[in-house]
Each structure stands twice: as structure tokens, then as C-alpha cells.
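> Pasting the sequence and the predicted coordinates here, then a few questions.
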There are 4 protein chains.
Amino acid sequence: MPLSEQQILNMKVKRKKILEAATYLFATEGYGGTTIKKVSEAATVSFGSVFTYFKDKEELFYTVVVEPLEDFSKQMLAFDEHAENPLDELKRMITNHIKIFSEINHYLQLVVQDIGQHERFRESFEKLDAFHDEFRGKVSVLVKNGQQKGLLEKQDSLIVATLYTSLLIGFRLNSTDKRYSDISEKVALSTLNIFGPIIK
Amino acid sequence: MPLSEQQILNMKVKRKKILEAATYLFATEGYGGTTIKKVSEAATVSFGSVFTYFKDKEELFYTVVVEPLEDFSKQMLAFDEHAENPLDELKRMITNHIKIFSEINHYLQLVVQDIGQHERFRESFEKLDAFHDEFRGKVSVLVKNGQQKGLLEKQDSLIVATLYTSLLIGFRLNSTDKRYSDISEKVALSTLNIFGPIIK
Amino acid sequence: MPLSEQQILNMKVKRKKILEAATYLFATEGYGGTTIKKVSEAATVSFGSVFTYFKDKEELFYTVVVEPLEDFSKQMLAFDEHAENPLDELKRMITNHIKIFSEINHYLQLVVQDIGQHERFRESFEKLDAFHDEFRGKVSVLVKNGQQKGLLEKQDSLIVATLYTSLLIGFRLNSTDKRYSDISEKVALSTLNIFGPIIK
Amino acid sequence: MPLSEQQILNMKVKRKKILEAATYLFATEGYGGTTIKKVSEAATVSFGSVFTYFKDKEELFYTVVVEPLEDFSKQMLAFDEHAENPLDELKRMITNHIKIFSEINHYLQLVVQDIGQHERFRESFEKLDAFHDEFRGKVSVLVKNGQQKGLLEKQDSLIVATLYTSLLIGFRLNSTDKRYSDISEKVALSTLNIFGPIIK
DNA sequence: TATGAATGAGGATTCATTCAT
DNA sequence: GATGAATGAATCCTCATTCAT
């Protein structure tokens, strides 16, 4: 007797509630500071249910880090590195990225934790690392494109791409409480500078 | 019976060994993943000794975060925001900062953890935050100085200062394994761009 | 709506599969080491079904111990304690018993567990104990019979009967892996000695 | 600062109390039915102390099975398989073994559990098995010796030795409650029969 | 001050049992 | 009857902290 539509739906909702609670808690209290009991309470789910959906705490953490990555990755890579006008594309990209980052406060904390303790969270770290490489690579191509067209000054494009990621991450970490939106335009403009635009 | 010179020295050495071990462990395994036993073993110190030097785990963490801050702060603030030639000073400053950051891999992990979980580590976070404000403020003054002298393009100097910190932090986080030194010069040059130098 | 023939048959088959799986698991992994999930998987039956057939784990264990007892008892008592020729009867009996025991490896493990932990498994233990008494009694009568006919040397017949049971049990326990059949004839002969046959 | 004599003594006592409580509980309630809490209470020791002395439950079980083996083994092997008069030696041995077994009620339950679930308790089982082999081998030599001297009838000596062990184990299991001592002499005499003594 | 055994509260995990479908 | 998700009590184990030596 297979599960009914309704049951499957309920389960999906439940699973999502757990993941959301876990994301928040892992981010704000760390892996060790997060207990399954806290998660179950925050998700308004029974204690045992957490284990119905996730084998153990580690799998829960892994899922919380890796599962959003696909969607996040898609958003972050949504720019055209071969654009006719690389400078415009760059501006659009930056604005977009800042917007994306402004919405993933907790997730980013998780990511940073995972990176910092990559020995401990090896598997999920590898996924993150793979994405990071892909992302930097693509940004780097766009930068080269801009440089060849004489729109950006010559710099090591991979380094610049890395600095750009660094900036995105670091800025989000630095701005825990403040509202991004108020200043995002200014931020975007200043950020563009990192790429050394020749005519703005 | 007062302690002999030698004893006092031994105790200082021991305390330092504990702090070093704790820094490494807190950074790589997190607060929850770090146990006093691990610390004592990594420091080649008896289990009980850790409690001789630190009241409890929390105090150990606090110390590990806050104690290096004084020295770190001094190094980070060692630039002249009223320099005659702000652009040169900026270059000098960046190079210096990158060098400093290259040496504090583990400590920075700690800092990021502390910031991310500032609810949990309130006291130490406040110290970090205070330093951050001071630092940004001073950088911001230097930037304004440069702008007034027409050497830097006009931007919101506080935002730029924040981005600069973000970049320093983010870049260090991103470069877990690679050797900074190999690329630090290029990084410094690209980083300068953030400040919008008009003539380089 | 009464159940169809087929349904009733299916249920009997299912029940039996569960009992067989449970016998094996209780025997090899102990009561505590056996979980309902394992049983359901080994019986290729759904998790919930185990509870359809057995109220709880305890009832399952009880059934697994007690239900085979009736049949086992019948087989074990299938000898004539008033036989004309007690020595021949004894030989026949021993051979038969050894054969029976050779086929009940797992069940015997269960029995021994039950006996060893009789406090815990009081109810089933009582059934086992009752059978044991009956069995020893009947063997003892046969032995006395033989002694009176001058075919067996005088010994305490109940003690001998107890030793005989002990030997059957002990030998089965000792021979986990080896094939009984290869040596069963020799074993039977040597076992006979316990009864002190005067002319063999 | 090494532990004082007194402390070391206390620890030995504590360790022994735990082992005794564990032996009793494992024997009467099984591995799964025995909880660390029960053990600690029965040993009048704090819960945590059990883990100070034994890494985990499994190690506790292992120790409880294997540690007494050395002493037990020594006692059980204390007979001369090359004795001038094998029959006398056999009698002495049997009496001695019955006495030994009369004192190890709980331990034997443990052993039987270990054997029955040898898959689960592989390591300790191997130790038991090794002893069993040695024991049977030595008994077998004594039997052969007796047979060559015409004091015992010809039988497969290894099978007889196995039957003998079986009987010792089986009898102990069968006699949970009764006092051995009352009947041990009769038991010894009847047991001797297994070896087929020609003149008694 | 140094040491490491003692303690028990707290946390992860398991699992028998219930129950809605 | 059949199924398997939901539940939380019970269990193993860890570990910060205490304290006797």
C-alpha cells in the first residue's frame, strides 16, 4: 500500500521544516551547539521525526549544506561570460550577486563553518569547493573577455575572480545585522572597482 | 612560598602551549568539537592543568579570541591615516595587512566563528566588533584623505573600508591551503583597485 | 466479510516466515540484539505485519520458544520406557535423539538463552521446565527398567537421566559448525556408556 | 604525580566490583537486557565510573568473558594426561572439574551466550574456542593413555572428550538452582562411565 | 600547582509500539 | 489485514567540571 498523495506532501513539508530549522541553528549555534532536540522544537516536529528524515546529525548537516547548493549555484552562474559588453554584464552580475547574497545570511554562515572545518566536513566541503572552482572559472573568463576588449585593466583574472568571491563572502559576514538593500547600490559600484574598469 | 622565577616561566610557557593548542582546535573543529582532553593532549599538558589556567571552557575560548586581539589590533592599525601621500600609504597598508593575514589562518577561523555565532559568544564578539569599528573608521579616514587630495575617486568611504575588511577576511578564508606569499603582490595590486585610485 | 481460503493460507505462511526469521535472529543475536525491523526484513514481510501477528516482541519470543515445544516434545518422548529390551530401546532412543537435536541448532540456542535468563522469560521457562521434568522422568523409568533387568549397572537413575539431557544439550552447543551426521554413530555409541551398559 | 598506593588499590577494587556485577547481569539478563545503569547500581559505583574502567559496553562484556578464562583454564587443565594410572587420574579430574563448574554458574551462562552468538562476540568467542580445543586435546590424550593401558574401552578419544565437555556444560546449565554438592559424588561416578572404564 | 579519577547531566541514537491511511 | 511514518522513552556514551592526593 503506497503512501497517499497527501502523505507524501506532508512529508515533504515536514522535511523542509526540519531543514530550515537546522539551517538556522547550525548557522547561529554551530554544529556542536545545535542539538537534535532544538531542531525538532524549532521545526515543531517530534524528536523522533528528525531521525525519520535524516539518518543522523551528520547527514542533516550535510543535507543542509549541499542541498541548497544546486539552486544557489544556478543563480550564481546566471551570467554570460562571453557577453558582447563585458562591462555591462559585470555590473549586472555584481548587482545580482549582491542581491543573492543578501538573502542567504544563515546559509553563508554554514558555508564558512564548513570551509573552516573542512577536515571534519570533508564531503560537503568538496561539493562547495567544486562549485567555487566553477564559479571563479566563469568569472575569470568574463574578466579576460573584458580585458581583451580594453574595458578592464590587465590583471591576473583568476586572482581578481577570487578576490571578488572573497569580497562577496566577507561582506556578507561583516554585515550580519545591517540591511544590505539600503546600501547595495553603492556597494555594487565600489565592488566593480575590483575589476579595474577603464571607462565606467 | 612565592613561586620561583623558573616556576613562573614554566607556567607562562604552559599557558601559551594551551592557548596555541586551543586556537588550532577551536578553529579546525569548532567550539563543540573541541574537548578539553584534546586540548590537553595537543598541548602536551595534563588534563587537569587546563583548568588550572582557565576557569572553564568558555573562558578558554574567550581568551583565545580576545587575547591576541590587542597585538593584532596594533599591527592592523599601524598606518598613518593622515599621511601626506595617501596613495602610497594605502599601498603600504595593503601589503602589510595581507602579510598579517597570511599568518593568522587559524585565528581568523576563530574570529569568523565568533562573529557567526555572536549570540553565543557575546562578550568576545563585542571586543571584535569594537576593533572592527575602530579599524574601519581609521581606514575610512585615510580614504577620505586620498579622495580630498584627488588621488582616489569619490566613493562612500565607510563602505569602501568595509569592503576592504571583507576582502581581507574573505580572501583568507578562501585560501585555506594555498601559499599566500606566492601571489601576495598581485593580490595587493588588485586589492588597491577597490579604493578607486585615479593614477597608479 | 470472512477471509477466503487463500487469504487464510497466506496468513499462515506469513506467520510462519516471521517465526522462522525470529527463531534465527533471537538465537544468533539474542533477545536484545533482535529488532522487529530485522525480523520483518529477514521474513520479507512489512514492518507493521509483525505486529499484526504478534502483540509485541515478548509474545513473539514466547511463541518462538513454546510453539515448537509440542512437536519437539512428542518426538523426544517417542520411546517405550517399559520396553521388553531396555538396552535396545535405549540405543534406538539415543540415535533418535541425536538425530532430532542435529536439526534444531537454532532452537536449542533459544532454549538455553531462555533457561539462563529464566527470571526474565518466566512463562516460557516454565513450559520448558515442565517438559524437561517429564522427559527426565520417562528416561529415568527406562533406565530403572534396564537396571532391574540386569542390563544396566546400578546408578541413580534420575541423575543419569539428567546427565543424558545435559549431554544432548551440551553437545549440540559445542558443535555449532561441524556436521553431526558424520560422527553421529560414534557419538551414539559413546553416549550409551553413560547408562552403564553391562553387556553391549 | 603518580597515583598513590591506596588509590591504585581502590581502583582495583572498583574495577572488580564492576566486573562482578556485570558478570551476574550479563548472565541473568543477557547482553541486551543489561544496561550500564544497572551495572553501575549493582556495583554501587557511579554511572560514569563504568566508562572510566571500560571503553564501552562491548569491552566490558569481552573482559567479563575473557579475563576469568586464564584462571579457569589453569584449573581445568590441572591434570596429568600422562599419569601412570589414567583411571585414577580420570576420577580425580572429573571430581575436580565438577567442583570447579559448581562454582561458576553465572560465568558459564555467559560462555554459553557467547558461543551461541559467536558471530556477535567474535573476539571473545575465539578465546573460548582456543581454550576448548586445548582442553579437549588434553583430555583426549589422557583417554588414549587409558585405552592403551587397557583400562578404558576403545572409543574415538576426541569424541569422548567432546562429550565430556558437553556433559560438564550441559549439566551446569541444567542445574541452575539445585545444590551440586549434594549429588556431586554420584554425578562424578556416572560421568566416569562416559569414558568406558573396564574395571572400576 | 599538577594530576587524573569520579561524577552525572546532556546529547545522539535506537526501537518498540501506535495509528492513520 | 497491510503498511510504514510518527513518537518519545530508554539507552549508550561523552565530556565539562570537581576534587582528593
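Okay, I see it.
> Can you check which helix is longest in chain A?
helix A:5-33 (DSSP state H).
> Can whichever helix or strand comes after that one be said to contact DNA strand F?
Using DSSP states H and E, the helix or strand that follows helix A:5-33 towards the C-terminus is helix A:36-42. No: contact between helix A:36-42 and DNA strand F, assessed by CB under 7 Å from any atom of the strand, is absent, since the two come no nearer than 8.2 Å. C-beta here means a position set from N, CA and C on the backbone, and glycine is covered the same way.
> Wondering if the longest helix of chain A reaches chain C at all.
No: counting by CB under 8 Å from any CB of the partner chain, no contacts exist between helix A:5-33 and chain C, the nearest distance being 14.7 Å.
> May I see the buried residues of the helix or strand bottoming out on mean pLDDT in chain A?
The helix or strand of chain A with the poorest confidence is helix A:180-192; it has a mean of 85 (mean pLDDT, DSSP states H and E). Of the residues in helix A:180-192, those buried by neighbour count under the rule 16 or more other CB atoms under 10 Å in any protein chain shown are A:180, A:183-184, A:187-192.
> Of those residues, which is the nearest to chain C?
Looking at these and their distance to chain C, the nearest is A:Tyr180, at 48.8 Å (CB to the nearest CB).
> Can you tell me how far whichever residue of chain A sits closest to DNA strand F is from A:Gln113?
Nearest residue of chain A to DNA strand F (CB to the nearest atom of the strand) works out as A:Gly48 at 2.5 Å. For A:Gly48, the distance to A:Gln113 equals 27 Å [CB to CB, to the nearest Å].
> can you list contacts of stretch A:28-42?
Outside stretch A:28-42, the residues that touch it by CB atoms under 8 Å, 6 or more residues apart in numbering or on different chains are A:18, A:21-22, A:24-26, A:46-47, A:49-51, A:57, A:60-61, A:106, A:109, A:113, A:117, A:120, B:30-33, B:113, B:116-117, B:119-120.
> For the longest helix of chain A, what is the distance to the chain centroid?
With CA atoms, centre = their mean, to the nearest Å as the basis, the distance from the averaged C-alpha position of helix A:5-33 to the chain average is 18 Å.
> I'd like the average pLDDT over it.
Computed over helix A:5-33, the mean pLDDT rounds to 94.
> Same question for stretch A:130-148.
96.
> Please identify the buried residues of stretch A:84-97?
Residues of stretch A:84-97 classed as buried under the neighbour-count rule (16+ other CB under 10 Å) are A:86-87, A:89-95, A:97.
> one step back: considering only the buried residues of helix A:180-192, which also neighbour chain B?
Contacts with chain B within the buried residues of helix A:180-192, counted by CB under 8 Å from any CB: A:183, A:187, A:189-191.
> tell me the domain ranges of chain A?
Domains of chain A are assigned by automatic domain parsing as A:1-54, A:64-195.
> Name the stretch among these that sits most buried.
Among those, ranked by average contacts under mean count of other CB atoms under 10 Å in any protein chain shown, first place goes to domain A:64-195 (a mean of 18).
> now the end-to-end length of it.
The separation between the terminal residues of domain A:64-195, taken as CA to CA, to the nearest Å, is 33 Å.
> Any part of that domain near DNA strand F?
No: under the criterion of CB under 7 Å from any atom of the strand, domain A:64-195 makes no contact with DNA strand F; the nearest approach is 12.1 Å.
> what's the least confident helix or strand of chain A packed up against?
helix A:86-102, helix A:157-174, helix B:157-174 (3 or more CB pairs under 8 Å, 6 or more residues apart in numbering or on different chains; DSSP states H and E).
> at 7 Å what do you get?
Contacts defined by 3 or more CB pairs under 7 Å, 6 or more residues apart in numbering or on different chains; DSSP states H and E place helix A:180-192 against helix A:86-102, helix B:157-174.
> and chain A, which of its residues are near DNA strand E?
By the rule CB under 7 Å from any atom of the strand, the part of chain A lying against DNA strand E is A:1, A:4, A:6-7, A:34-37, A:47-48, A:51, A:55-58.
> Kindly recompute the last result at 6 Å.
Those residues of chain A that sit near DNA strand E, judged by CB under 6 Å from any atom of the strand, are A:1, A:4, A:7, A:35-37, A:48, A:51, A:56-57.
> Name the nearest of these relative to chain C.
A:Met1 (8.9 Å).
> Out of the helices and strands packed on helix A:180-192, name the one with the poorest average pLDDT.
If you rank those by mean pLDDT, helix B:157-174 sits at the bottom with a mean of 91.
> Now do it: everything it contacts.
A:112, A:115, A:162-163, A:165-167, A:169-171, A:173-174, A:183, A:186-187, A:190-191, B:97, B:101, B:105, B:108, B:112, B:132, B:135-136, B:139-140, B:143-144, B:147, B:191, B:194-195 (CB atoms under 7 Å, 6 or more residues apart in numbering or on different chains).
> Stretch A:112-125 now?
For stretch A:112-125, contacts defined as CB under 7 Å, 6+ apart pick out A:30-31, A:62, A:65-66, A:128, A:169, A:173, B:27-30, B:33, B:109, B:112-113, B:116, B:173, B:176.
> Now chain A against chain B: closest residue?
Per CB to the nearest CB, the residue of chain A with the smallest distance to chain B is A:Gly32, at 1.1 Å.
> how far away is that residue from chain C?
30 Å (CB to the nearest CB, to the nearest Å).
> quick one: is stretch A:87-97 near chain B?
No: remark: stretch A:87-97 sits outside contact range of chain B, by CB under 7 Å from any CB of the partner chain, the gap being at least 11.7 Å.
> Using PDB, write out the CA atom coordinates for that stretch.
In PDB, the C-alpha atoms belonging to stretch A:87-97 read as follows (Å, rounded to 0.1, in the frame of the first residue of the first chain):
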ATOM      1  CA  LEU A  87      31.400  45.700 -18.500                       C
ATOM      2  CA  ASP A  88      27.700  45.900 -18.600                       C
ATOM      3  CA  GLU A  89      27.500  42.200 -17.900                       C
ATOM      4  CA  LEU A  90      29.800  42.600 -15.000                       C
ATOM      5  CA  LYS A  91      27.700  45.400 -13.500                       C
ATOM      6  CA  ARG A  92      24.600  43.300 -13.900                       C
ATOM      7  CA  MET A  93      26.300  40.300 -12.400                       C
ATOM      8  CA  ILE A  94      27.500  42.100  -9.400                       C
ATOM      9  CA  THR A  95      24.200  43.600  -8.600                       C
ATOM     10  CA  ASN A  96      22.600  40.200  -9.000                       C
ATOM     11  CA  HIS A  97      25.200  38.500  -6.700                       C
END
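> quick one: it to chain centroid distance?
When C-alpha coordinates are averaged (CA atoms, centre = their mean), stretch A:87-97 and its chain have centres 17 Å apart.
> backbone phi and psi for the nearest residue to A:Ile18 once chain neighbours are set aside, please?
Closest residue to A:Ile18 in three dimensions, ignoring its sequence neighbours and counting by CB to CB, 6 or more residues apart in numbering or on different chains: A:Ala43, at 4.7 Å. Comment: the main-chain dihedrals of A:Ala43 come out as phi -90, psi 0, following degrees, to the nearest 10.
> doesn't A:Arg15 make contact with A:Ala43?
No: in this structure, A:Ala43 is not within contact of A:Arg15 by CB atoms under 7 Å, at 9.5 Å.
> just the buried residues of helix A:180-192 now: which is nearest D:Glu153?
A:Tyr180 (97.8 Å; CB to CB).
> about what we covered before: any chance of JSON lines for the domains of chain A, columns distance to D:Gln75?
As requested, the domains of chain A are arranged in JSON lines below (distance: least, CB to CB, whole Å):
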{"stretch": "domain A:1-54", "distance to D:Gln75": "49"}
{"stretch": "domain A:64-195", "distance to D:Gln75": "51"}
